[in-house]
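*Asks:* Here is a sequence with its predicted model. Questions after.
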Amino acid sequence: MVEAQSLSPRQELLLRLIVREHVETAGTVASHTLVDHYDLGVSPATVRNDMARLEDMGYLLQPHTSAGRIPTEAGFRYFVERLMTERALPRTEQRMIAHQFHQAREHIGAWLPLASSVLAKAAQAAAILTAPRTTSSLFKHVELIATHGRAVLLILVLEGGTVEQQILVVSEPLTQESLREAADRLNQVCAGLDAQQIRSHMREFAPLETDVAQIVLSILEDVKESLSDEIYYHGLAELLQMPEFAVAEDASSALVRVMEERSLLQAVLAETLTPSVGIGSIRVLIGGEGRWEELRTCSMVLARYGIANYATGTLGIVGPIRMHYGRAVSAVRFVASALGELVYDIYQPDSSSGYQPNSAHRELSDS
């Protein structure tokens, strides 16, 4: 990656215009094009000299001797970090997206397919999303129900709505009243705790409560290990029709691998959107940043959404390096905000444990 060098105001203007022209045409940009299309107030020779200087600095590339120039990855990076103007989505489009999410508010299973479709259309790129999930598996409450003989049905509800059931075989038949008392005791002590915190209270429990708590711990550990990493994506077919991919088999094959190989996307998301990245913060990857060869023909605009340190997901778009970055960043930011509001509606503020799920939305864990 070329180390960023400061540009003069005129050089910045030329780089901005070259990025604009290249994004629109997918072709090279010649000096006479800039002179003809824009009132630059300088001679063509001056423009050519500045373009040559930008090439020497690593911000432009001349694919062929007789051709114009195109921005390099460093040129796009300079543009994104210093020159880009974020273009807010039109109000009509914002209202339409908000209305669609409002209609899906009670149907969490439809959120991610809807959000990926909406984001792909708004950003004019392929969209990727992961489901929101809590940072750890937390106990909400347990129920114990006498069935027949020594068998007891254990129903465990976790924060976020996950419901797990298991049969517990006790040493002797127990009344429903004694089971209720044991469940009440566990609910009083364990509400809002994770497995490690519950384990620290084990000495406080009576024998039956201890047996139930051991099963609860086992379930919490299993759920933590099996949290879904499913990634939703939309818009790949349309993206493959863009010039960069339609005429370059290697580029299109790499893009398909990026979108369909879940392990690669998970690695990129995990390394790019670490817990330290704030909710709503935007990260832009251009050409794989020299770290992911599969992304060398792509750019990604990524964000986290949800409730910091509690329930979060990731979303973003994948497109060619020649991307409308201003619109892409605005689209990702707006959809992240809309999804964040939906997640907040599920995890309502609670004075004792921070957030608790709204009982009307328990299907979150199944989305």
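*Replies:* The structure has been received and is ready for your questions.
*Asks:* all strands of the stretch 1-150 of the chain, in order?
*Replies:* With DSSP state E, counting those that start in this stretch as the criterion, the stretch 1-150 of the chain has strands at 60-61, 70-71, 126-130, 133-134, 139-146.
*Asks:* Need those in CSV (columns: mean pLDDT, mean neighbour count and distance to Gly340).
*Replies:* All C-beta spots, glycine's among them, are computed from the backbone N, C-alpha and C. Formatted as CSV, the strands of the stretch 1-150 of the chain follow (pLDDT from 0 to 100; neighbours: other Cβ atoms under 10 Å; distance: least, Cβ to Cβ, whole Å):
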stretch, mean pLDDT, mean neighbour count, distance to Gly340
strand 60-61, 95, 21, 38
strand 70-71, 96, 23, 33
strand 126-130, 92, 25, 13
strand 133-134, 71, 23, 14
strand 139-146, 93, 19, 22
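*Asks:* List just the one of the ones you listed that sits closest to Glu244.
*Replies:* Minimum separation from Glu244 across the strands of the stretch 1-150 of the chain (Cβ to Cβ) falls at strand 70-71, 11.4 Å.
*Asks:* Which strands border that closest one, and is each parallel or antiparallel?
*Replies:* Here strand 70-71 is paired, per DSSP bridges, with strand 60-61 (antiparallel).
*Asks:* Now do Asn129 against Gly316, distance only.
*Replies:* Quick fix: residue 129 reads Leu, not Asn. 8 Å (Cβ to Cβ, to the nearest Å).
*Asks:* same check, this time on Leu158
*Replies:* If you measure Leu158 against Gly316 using Cβ to Cβ, the figure is 28 Å.
*Asks:* Could you check which of these two has the larger neighbour count?
*Replies:* Gly316 (31 against 23; other Cβ atoms under 10 Å).
*Asks:* what helix or strand is the more buried one on?
*Replies:* strand 311-320 (DSSP states H and E).
*Asks:* List the neighbouring strands of that strand plus their orientation.
*Replies:* Applying DSSP bridges to the sheet, strand 311-320 is found paired with strand 126-130 (antiparallel), strand 133-134 (antiparallel), strand 298-307 (antiparallel).
*Asks:* so how far is the last one off the chain centroid?
*Replies:* The reference is to strand 298-307. Relative to the centre of its chain, strand 298-307 is centred 4 Å away, using Cα atoms, centre = their mean, to the nearest Å.
*Asks:* buried residues in that strand?
*Replies:* Residues 298-307 are the ones in strand 298-307 that count as buried (16 or more other Cβ atoms under 10 Å).
*Asks:* Farthest pair within those residues?
*Replies:* Pairwise distances among the buried residues of strand 298-307 were taken by Cβ to Cβ; the largest, 29.7 Å, belongs to Cys298 and Ile307.
*Asks:* still on that earlier bit, can I get the strands paired with strand 311-320 in a markdown table with distance to Pro71?
*Replies:* Putting the strands paired with strand 311-320 into a markdown table (distance: least, Cβ to Cβ, whole Å) gives the following:
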| stretch | distance to Pro71 |
| --- | --- |
| strand 126-130 | 21 |
| strand 133-134 | 38 |
| strand 298-307 | 12 |
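*Asks:* and Pro320, which of those is closest to it?
*Replies:* Pro320 sits nearest to strand 298-307 of all the strands paired with strand 311-320, at 6.7 Å, using Cβ to Cβ.
*Asks:* With only the CA atoms kept, save that closest one in CSV.
*Replies:* The C-alpha trace of strand 298-307 is given here as CSV (Å, rounded to 0.1, in the frame of the first residue of the first chain):
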residue,chain,number,x,y,z
CYS,A,298,-13.4,-5.8,-4.9
SER,A,299,-14.2,-3.1,-2.3
MET,A,300,-16.3,-3.6,0.8
VAL,A,301,-18.2,-1.1,2.9
LEU,A,302,-18.9,-2.6,6.3
ALA,A,303,-20.6,-1.7,9.6
ARG,A,304,-21.8,-3.2,12.9
TYR,A,305,-25.4,-2.6,14.0
GLY,A,306,-27.4,-3.3,17.2
ILE,A,307,-26.7,-2.6,20.8
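*Asks:* wait, what's in contact with the residue most central in space within the chain?
*Replies:* Geometric centre of the chain, nearest residue: Thr314, 1.6 Å, by Cα atoms, centre = their mean. Contact analysis of Thr314 by Cβ atoms under 8 Å, 6 or more residues apart in numbering lists 128-130, 269, 273, 302-305.
*Asks:* returning to what we had before: want to throw the buried residues of strand 298-307 into JSON lines with pLDDT?
*Replies:* JSON lines is the format used below for the buried residues of strand 298-307 (pLDDT from 0 to 100):
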{"residue": "Cys298", "pLDDT": "90"}
{"residue": "Ser299", "pLDDT": "94"}
{"residue": "Met300", "pLDDT": "94"}
{"residue": "Val301", "pLDDT": "96"}
{"residue": "Leu302", "pLDDT": "96"}
{"residue": "Ala303", "pLDDT": "95"}
{"residue": "Arg304", "pLDDT": "92"}
{"residue": "Tyr305", "pLDDT": "91"}
{"residue": "Gly306", "pLDDT": "88"}
{"residue": "Ile307", "pLDDT": "84"}
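*Asks:* can you tell me which helix in this protein is longest?
*Replies:* Secondary structure of the chain per DSSP state H: the longest helix is helix 325-346.
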